[in-house]
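Trainee: Prediction below, plus the sequence it came from.
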Amino acid sequence: MLPGPPTRRWPLALVPLYKPQDLVKKASKQAVFPALRVAPPPSQQKSLVGLKRLMHERNLDPHGLEATVYDTQGCVLSGALHEAVDLSENTNPITEPGTGILFNGDHNLLSLEVGGPVVAQSFDIYYLHWGFDSTHCVRLGSHANYFVTAALQGCSIFVTGDPASPTVYHLNANSAGANAPNDAARYQAKVQVMEARFNAARKVMGGSQQSSASASMHDYMPGMLSAAGTAQLEYERGVSGASWYHVGTHAFRSFWKVDQDELIQFGTVFGVRESGRWSFYFQKRSRHDYRYKTWTSGRTRHSEWSAECHRFWPA
């Protein structure tokens, strides 16, 4: 008899949430990485009537002229929080889309598993998908008290409408700014294109400009890790690959030689619903990855996250 498929083992050390604001408290101290475990929910419709015309009148980039609108209840999946340091890459691989970097074993990182099996600590959560050069949106309701969208590294998130039932947009402008003279100009072009696409879609979907707010790469990835931004992060983290440094997490061991020092930035946007009203937050999260050399054990890899959490909607 042939062996059956391997049973998926989920760690028992799950992180409970007793009320929606618990997620906000945790996100102010620990980085939160959204990991989708199932295919995204089917869309309700593929195109917003009138969006192409509005975009054409503004002579905007031809990419992303259609928006994918999701069914509200169809976006509700099961969610659970895990400590990444306790997760094995063989059972729950945590990877950034398009990079292949594994975050399993990282310190100070919470993996927000979306679409996994239901366990005692599971909760319902709205999940909004994304795509290159595209616009994805969903109008939230009361089916869940949490919302999250895919991990961010350049996209913009917009929220507009009534706090009881806001519409959330996840926009990407990967092709915008291709001919810009420098990185700063390219990033600015991307942000402007996403803002224009959102305003065009908002006129179709509803929601006033006064009720709208956003989190863009300038919010959750300040400086986009320019040379100056990297130097500042290195200064803040207190590590340089060319120097000896007393790593705080290993203070019991005297001094360690640190090398292969790497700093990267990402973002997470999530929402919580309390007393029938939604609030949205963006989290700036930086990953500090390095090797340290000891006199006895050779080189060991260490990855640690730092995080800041800010509310951006309602403004």
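Mentor: Yep, it's here. Numbering: from 1, shown residues only.

Trainee: Kindly provide the distance from the closest residue to residue 164 other than its chain neighbours to residue 128.
Mentor: Among residues not flanking residue 164 along the chain, residue 276 sits closest, at 5.7 Å (C-beta to C-beta, 6 or more residues apart in numbering). For every residue, glycine as well, the C-beta is placed using N, CA and C. To residue 128, residue 276 is 20 Å away according to C-beta to C-beta, to the nearest Å.

Trainee: likewise residue 314?
Mentor: In terms of C-beta to C-beta, residue 314 sits 18 Å off from residue 128.

Trainee: Those two: who's more crowded?
Mentor: residue 128 (23 against 14; other C-beta atoms under 10 Å).

Trainee: so the more buried one makes contact with residue 168?
Mentor: Yes - taking contacts as C-beta atoms under 8 Å, residue 128 lies within contact range of residue 168: 5.8 Å.

Trainee: Give the residues shared as contacts by these two.
Mentor: Counting by C-beta atoms under 8 Å, 6 or more residues apart in numbering, the common neighbours of residue 128 and residue 168 are 137-138, 147, 149.

Trainee: Mind putting those residues into JSON lines with secondary structure and pLDDT?
Mentor: Formatted as JSON lines, the shared contacts of residue 128 and residue 168 follow (DSSP: H, G, I helix; E, B strand; the rest coil; pLDDT from 0 to 100):
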{"residue": "137", "secondary structure": "strand", "pLDDT": "92"}
{"residue": "138", "secondary structure": "strand", "pLDDT": "93"}
{"residue": "147", "secondary structure": "strand", "pLDDT": "98"}
{"residue": "149", "secondary structure": "strand", "pLDDT": "96"}
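
Trainee: Relative to residue 101, which of the residues you listed is nearest.
Mentor: residue 149 (19.5 Å; C-beta to C-beta).

Trainee: which residues in the stretch 1-150 of the chain form strands?
Mentor: 14-15, 31-36, 43-45, 67-70, 76-83, 109-114, 123-128, 135-139, 146-149 (DSSP state E, counting those that start in this stretch).

Trainee: what pairs with residue 157 across the strands?
Mentor: With beta bridges defined as DSSP bridges, residue 157 has these partners: residue 170, residue 215.

Trainee: I'd guessed it sits against residue 172; true?
Mentor: No - applying C-beta under 8 Å as the test, residue 157 and residue 172 come out as separate, 10.6 Å apart.

Trainee: Compare those two and say which one has the larger neighbour count.
Mentor: residue 157 (30 against 24).

Trainee: In contact with that one, which residues?
Mentor: 149, 168-171, 214-216, 269, 280, 282 are the contacts of residue 157 under C-beta under 8 Å, 6+ apart.

Trainee: same deal with residue 137?
Mentor: Residue 137 neighbours (C-beta under 8 Å, 6+ apart): 67-70, 128, 167-170, 201, 205.

Trainee: change it to 7 Å
Mentor: 67, 69, 167-169, 201, 205 (C-beta atoms under 7 Å, 6 or more residues apart in numbering).

Trainee: Surely residue 33 and residue 104 touch.
Mentor: No - here residue 33 does not reach residue 104: they are 10.7 Å apart, not a contact under C-beta atoms under 7 Å.

Trainee: who touches both of the two?
Mentor: Joint contacts of residue 33 and residue 104 (C-beta under 7 Å, 6+ apart) are residue 94.

Trainee: Between those two, point out the one with more neighbours.
Mentor: residue 33 (24 against 19).

Trainee: per-residue confidence at that one?
Mentor: Per-residue pLDDT puts residue 33 at 93.

Trainee: likewise the one 3 residues further on?
Mentor: Among the per-residue scores, residue 36 shows a pLDDT of 90.

Trainee: next one: residue 106
Mentor: Confidence score, pLDDT, at residue 106: 86.

Trainee: Confirm for me that it is in contact with residue 85.
Mentor: Yes - Residue 106 is within contact range of residue 85, at 6.4 Å (criterion: C-beta under 7 Å).

Trainee: helix or strand for residue 188, which one?
Mentor: helix 183-205 (DSSP states H and E).

Trainee: List the buried residues for that helix?
Mentor: Residues of helix 183-205 classed as buried by neighbour count (16 or more other C-beta atoms under 10 Å): 186-198, 200-202, 205.

Trainee: try stretch 134-148
Mentor: 134-141, 144-148.

Trainee: that older thread, so residue 106 and residue 85 - more neighbours on which side?
Mentor: The neighbour comparison of residue 106 against residue 85 (other C-beta under 10 Å) goes to residue 106, with 23 against 17.
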